[in-house]
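K.L.:
Give the three-dimensional model of this entry:
(chains A and B)
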There are 2 protein chains.
Amino acid sequence: MAQDSETLVHDLATRARAAARVLALAPVERVNAALVSLAGLLRAGGPHLVEVNGADVAAARAKDLSDALVDRLTLTPARVEAMAEGAEVVAALPDPVGRILWETTRQNSLIIQRVSVPIGVLGMVYESRPNVTVDAATLALKSRNAIVLRGGSEALATSLALHALVQQSLQKNALPPEAVAMVPTADRDAVGAMLGARGLIDLMIPRGGRSLVERVEVEARMPVLAHLDGVCHVYVDVSADPAMARSLAVNAKMQRTGVCNAAETLLLDSALDAAAARGVLSALAEAGCAMVGDAAAQALDARVGPATPQDWDTEYLGPKMSVAVVDGVGGAIEHIARHGSGHTEAIVAQDAQTAEQFLAQVDAGSVLHNASTRFADGFEYGLGAEIGIATGRLHARGPVGAEGLTTYKYVVRGAGQVRG
Amino acid sequence: MAQDSETLVHDLATRARAAARVLALAPVERVNAALVSLAGLLRAGGPHLVEVNGADVAAARAKDLSDALVDRLTLTPARVEAMAEGAEVVAALPDPVGRILWETTRQNSLIIQRVSVPIGVLGMVYESRPNVTVDAATLALKSRNAIVLRGGSEALATSLALHALVQQSLQKNALPPEAVAMVPTADRDAVGAMLGARGLIDLMIPRGGRSLVERVEVEARMPVLAHLDGVCHVYVDVSADPAMARSLAVNAKMQRTGVCNAAETLLLDSALDAAAARGVLSALAEAGCAMVGDAAAQALDARVGPATPQDWDTEYLGPKMSVAVVDGVGGAIEHIARHGSGHTEAIVAQDAQTAEQFLAQVDAGSVLHNASTRFADGFEYGLGAEIGIATGRLHARGPVGAEGLTTYKYVVRGAGQVRG
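P.N.:
Here you go, the predicted structure:
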């Protein structure tokens, strides 16, 4: 069985690598045409997709899987339409390949350019959201990378049906269908085989729960673009506008609580006027947010329960927030350095110098001044789409779009120069 | 012992991480002043350095280490001066940190920037060249990264003496000396401790022989910037100028043979006129190059011996070259796809379309048209200096200078925007 998975993954990745070489040279117009074809195929195939998905959903229900998982797994006509629109958005993005990133002409007349190129073959391991199949395939194609997909077993039939449409769209546009490969079994060994396929897969992208991501980070024999945690903070400085502080804290925490860029911890400047601090806590409580905090936070509002040490590192993914009182922006920066997950951090402040200190000193994929942490995603940043939000420091960071799936090479043009 | 090394490395890296946070905020002028101070300290300390190095060299001789290793290990007044000049060159480089790499203003008036920032803490494991201590420290400082250095045991006394000067230059300029840490023992467990220090060291850079680099690639629990092999090719197209082909082939192979950007394989277009092909082989033979090749290459010149299958993947690092006859640029591209190491590949051709096909389709850190492979280094590209030449695809590629040691974060400025 393990041997079978290895052979299977090896074959898919080898053919994907050959396809990647073709794709790297394909005109962007043809890739865009394939993405537009895909949108059409998704719309035309919508009823069939929803039907296939119904079987996955029924099986998940029969296995008594959680409502949240069943919801993530479910395709509706609206979700199919969203995937189709997503493919069109990616088709309309500027070409991320072939950009001249840097150029110099040397004294010996050599012209040296750094030019963006595809990474090669991506590997993506994900869980139950079927739309990831389409999002990942479209971003990979736009950046002229091949990709080997391995979706969650609960969504297997749905993912295979979506994958068939992706391959059709490639074939219709004279592009190699092997460029988007999918592991067609629920066999868990296949993940291990992908993680060991160094030299065949250039970059692994896990997307799912913490245990999946940690397994990929530990086992992968190639670079990993991972999203680990989203322990995001909102710091309210003494110089904050009180109304803006209430609005941003509530939006960052409560606008959608199950997502990674929702805030988990509120940091209140100890110099804040008690009325302003209480105003933020009341606004959160009134919006339905449970709160735990340190002694100073508890003293501000009786609805704040005691926090455990674990709370400061917890991504609640629900209507709950931890609250700490800190000594100014320096205290906030220190707290975030200890407990932040490198995802997204925000300051609410009217004082520009304080804001700039926060933006410079806080180390995270995204740092925001007077804006909700909920904006930290590829669509909101204008990247068109995202394959995920990276919380590591390399290769790409924060929301990763098609451009983040490229690397570069040096192209040097001469007239016979030799080195002396 | 293993426990001791782990504690030691953990302590050094923890203090380096704290120093990295200070360094990230230090004005570039102060960092540049430290680099200029270092140049002065190197010059003033030259005689002492050469004396300390004498003991390392004597010990290496007593252990009967190879002449090549002893040469790499040896400091001379000229080599000390070269290090001092290198520090000054790095001081004069533009600031790689704080560059705005991309900027957009969204419809909701959010201003989104991608800004270059330091990576954090680098780890460098290297062998006997003492200058690596200074090169690595200066590039790390310029890019505002801390670095943990672990040099080869043969050069330990020399490296420690150089490291002391680096720390002095930091102290003199009110920068934290812990930003450049050095493992002060020859204990081999220290390398393992560094490779396991995930979360403390953000990027490992091995510099040395294949076995060191492979160990780092296999064991490192963090991203690796590695230089594995330099199997570089020179392809001579039918459209090549014969004189240029001779000159470039000889320069690429023979100008300096022990270096990674020297060529190892000559690819001759089967459509080349026999006189032109023989001219290249004769020029190489006359320059003192031994040659092995396929049957077609052997038929061109009796001095070409038979190649084994291993020859096509061998980095000779000496005056020897493998020669294959290929079918045009397509054949060359195929040969390089199978046997290239992703380092540097060159085409000699007068036909511009053929050259562009080669530059686009060959996958390597550097691709050159009508120029010697020997130009593929950070100095020749105008990067000022290089920490190494990366043969992987991520994070940086080809010659890596101070800019390659940065990553980015998204900085978002708003006026209270919330997400709807």
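K.L.:
For the residue of the stretch 251-400 of chain A found nearest chain B, list each beta-bridge partner.
P.N.:
Going by Cβ to the nearest Cβ, chain B is nearest to A:A371 of the stretch 251-400 of chain A, at 3.1 Å. C-betas here are computed from N, CA, C, even on glycine. Per DSSP bridges, the residues bridged to A:A371 are B:Q417.
K.L.:
And it, how close does it get to B:L268?
P.N.:
Distance, A:A371 to B:L268, by Cβ to Cβ, to the nearest Å: 60 Å.
K.L.:
what does A:E6 give?
P.N.:
Separation of A:E6 from B:L268 (Cβ to Cβ): 39 Å.
K.L.:
Settle it for me: which of those two has more neighbours?
P.N.:
B:L268 (29 against 17; other Cβ atoms under 10 Å in any protein chain shown).
K.L.:
How about the contacts made by that one?
P.N.:
B:V236, B:A277, B:V280, B:A297, B:L300, B:V323, B:A324, B:V325, B:V326 (Cβ atoms under 8 Å, 6 or more residues apart in numbering or on different chains).
K.L.:
Report the contact partners of A:N32.
P.N.:
Contact analysis of A:N32 by Cβ under 8 Å, 6+ apart lists A:A91, A:A92, A:K142.
K.L.:
Any chance of the backbone angles for it?
P.N.:
In terms of degrees, to the nearest 10, the main-chain angles of A:N32 are phi -60, psi -40.
K.L.:
cool, and the one 4 residues further on?
P.N.:
When quoted as degrees, to the nearest 10, the phi and psi of A:V36 stand at phi -70, psi -40.
K.L.:
surely it meets A:V89?
P.N.:
No. Checked against Cβ atoms under 8 Å, the pair A:V36 and A:V89 is beyond contact range at 10.9 Å.
K.L.:
Which one's more surrounded, the two?
P.N.:
Neighbour count, other Cβ under 10 Å: between A:V36 and A:V89, A:V36 has more, with 18 against 15.
K.L.:
Residues of the stretch 151-300 of chain A that sit close to chain B?
P.N.:
Within the stretch 151-300 of chain A, the positions adjacent to chain B are A:D202, A:L203, A:V218, A:R221, A:P223, A:D241, A:M244, A:S247, A:L248, A:N251, A:Q255 by Cβ under 8 Å from any Cβ of the partner chain.
K.L.:
Could you dump those into a markdown table and include pLDDT, secondary structure and distance to B:G208?
P.N.:
Formatted as a markdown table, those follow (pLDDT from 0 to 100; DSSP: H, G, I helix; E, B strand; the rest coil; distance: Cβ to Cβ, whole Å):
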| residue | pLDDT | secondary structure | distance to B:G208 |
| --- | --- | --- | --- |
| A:D202 | 95 | coil | 24 |
| A:L203 | 96 | strand | 26 |
| A:V218 | 87 | helix | 26 |
| A:R221 | 89 | coil | 21 |
| A:P223 | 91 | coil | 21 |
| A:D241 | 98 | coil | 56 |
| A:M244 | 98 | helix | 55 |
| A:S247 | 98 | helix | 56 |
| A:L248 | 98 | helix | 51 |
| A:N251 | 98 | helix | 52 |
| A:Q255 | 96 | coil | 52 |
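K.L.:
show me where the stretch 1-150 of chain A has helices.
P.N.:
Counting by DSSP state H, counting those that start in this stretch, the stretch 1-150 of chain A has helices at residues A:2-25, A:28-62, A:67-73, A:77-92, A:131-142.
K.L.:
how about the first one: buried residues?
P.N.:
So that's helix A:2-25. For helix A:2-25, a neighbour-count test (16 or more other Cβ atoms under 10 Å in any protein chain shown) marks A:5-6, A:8-9, A:12-13, A:15-21, A:23-24 as buried.
K.L.:
Could you identify the most distant pair in the residues you listed?
P.N.:
Spatial extent of the buried residues of helix A:2-25 (Cβ to Cβ) is set by the pair A:S5 and A:A24 at 27.8 Å.
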